[in-house]
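>>> show me the folded form of this:
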Amino acid sequence: MTDRQPSDARIVVRTLSDLARIAGVSAGTASRALAGNSLVNAETRSRIVALAREHGFRPNQMASGLRRQRTGVIGIAIPLGHDQRQQISDAFFMTLLGHLADALTERGYDLMLRRVIPDHDEDWLDRFIGSGMVDGVLVIGQSDQFDRIEDAADGYRPMVVWGNHREGQRHCVVGSDNRLGGRLAAERLIAGGARHIYFLGDVNAVEFDARFAGASDVAQRLGIGITALPSHLSPDRLEAEVAANLDRSFEPGDAIFAATDTLAVASIARLRAMGVDCPGLVRVVGFDDLPLAAHTTPALTTVRQDIRAGAFAMVDLLIRRLAGEDTESIVMPPHLIVRRSA
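Numbers count the residues shown, from 1 in each chain. Next up is the predicted model:
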């Protein structure tokens, strides 16, 4: 009987992640190595290229340098790593997508939309930008995928992201100053008498975490309590989670800062069902200033980010990057919109 020894030769390499795994590097490093990116040292590049050749892996990832003609299509990806059951029908997504579609149409582009669950496809971004089907990519939200987006930005120029900007980041982003927005919300609530703020949102999402951090800056400076209550936007659990989070005896001075207008509206509805007066006993501030914000009862006080201006800025930056320009990120100032809920 012949002993069988394990061999790399029997490993099937179908994806960039498979190749990265046997090379002992990240998918981003593997993609940069195959693209000849000098950020990966020459020895590692040679080893990864040799492994790809040995296993018959022929990548079309990082295809900006391999494509020979334009498609006239821009890809839009919505990664949902932090909230996998959230739907594209979410009010924020639909508002931003509408403005992006308008801006792309004006520039003569069609769009291709992908809703991405990163746990099911860890190469989602490399695969999309290397598909040969799109000229460039717009990413809506960083979710919990900040590092993956950073990796892709090292080897792929025509990509712009809606999200939060961090000092020193490599990917080009358009978005609001979320931390400042959080401060504006907390200051409004505290000026109205808040002594404890409940933050509804999932801080695993980069933008929501920045909003919570901004509110916490103000609360801690002024000696006000603040509590994060994890709340998701997926339709099958939004109402139940809001109800569970608000299942408490509210006291004068309690207030709610919701990470989105959708969560704020759900909170107001739950307070009403509990017989809790808003804004009489509990004041509520949202974030986004979606069209629905002005039509709630009471009308929603919220932090406005200029979604239309941001969408058109994303498309403008992408077109410039397709032309070979280096572009800076754009951080838009948020504005407090005062209505009746706080």
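>>> can you pull out the strands in the stretch 1-150 of the chain?
Secondary structure of the stretch 1-150 of the chain (DSSP state E, counting those that start in this stretch): strands at 73-79, 110-116, 136-140.
>>> just those: most buried one?
strand 136-140 (a mean of 24; mean count of other C-beta atoms under 10 Å). The C-beta positions use only the backbone N, C-alpha and C, and glycine is treated the same way.
>>> re earlier: let's have the strands of the stretch 1-150 of the chain in CSV, adding mean pLDDT and distance to Gly168.
Listed next are the strands of the stretch 1-150 of the chain as CSV, based on pLDDT from 0 to 100; distance: least, C-beta to C-beta, whole Å:
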stretch, mean pLDDT, distance to Gly168
strand 73-79, 94, 21
strand 110-116, 92, 25
strand 136-140, 95, 19
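>>> got a list of what Ala152 touches?
Contacts were defined as C-beta atoms under 8 Å, 6 or more residues apart in numbering; by that measure Ala152 touches Gly28, Ser31, Leu125, Asp126, Ile129, Met159, His171.
>>> show the low-confidence segments of this structure, by residue range.
1-10, 38-39, 58-69, 84 (pLDDT under 70).
>>> let me see the domain layout of it.
8-59, 72-176+307-332, 178-304 (automatic domain parsing).
>>> from Glu241, how far out is the residue nearest the centre of the chain?
The C-alpha lying nearest the average C-alpha coordinate of the chain belongs to Gly141 (C-alpha atoms, centre = their mean; 1.9 Å). Applying C-beta to C-beta, to the nearest Å, one obtains 19 Å for the distance of Gly141 from Glu241.
>>> for Met314, same thing?
Taking C-beta to C-beta as the criterion, Met314 is separated from Glu241 by 30 Å.
>>> same question, Phe212
Counting by C-beta to C-beta, the separation of Phe212 from Glu241 is 16 Å.
>>> and those two? Which one has more around it.
Phe212 (25 against 19; other C-beta atoms under 10 Å).
>>> what separation do you get for that one and Leu290?
As defined by C-beta to C-beta, Phe212 lies at a distance of 19 Å from Leu290.
>>> likewise Gly81?
Taking C-beta to C-beta as the measure, Gly81 and Leu290 are separated by 23 Å.
>>> same drill for those two, tell me which one is more crowded.
In this view Gly81 and Leu290 are compared by other C-beta under 10 Å, and Leu290 has more residues nearby, 25 against 20.
>>> burial check on the closest residue to that one other than its chain neighbours, number of neighbours?
Using C-beta to C-beta, 6 or more residues apart in numbering and skipping residues adjacent in sequence, the residue nearest Leu290 is Asp261, 4.6 Å away. Taking other C-beta under 10 Å as the neighbour definition, Asp261 ends up with a count of 25.
>>> would you mind measuring from Asp261 to Thr302?
Applying C-beta to C-beta to Asp261 and Thr302 gives a distance of 6 Å.
>>> okay if I get the contacts of Ala152 as TSV plus neighbour count and distance to Arg221?
Below are these laid out as TSV (neighbours: other C-beta atoms under 10 Å; distance: C-beta to C-beta, whole Å):
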residue	neighbour count	distance to Arg221
Gly28	24	38
Ser31	29	43
Leu125	29	38
Asp126	29	42
Ile129	24	42
Met159	23	37
His171	21	31
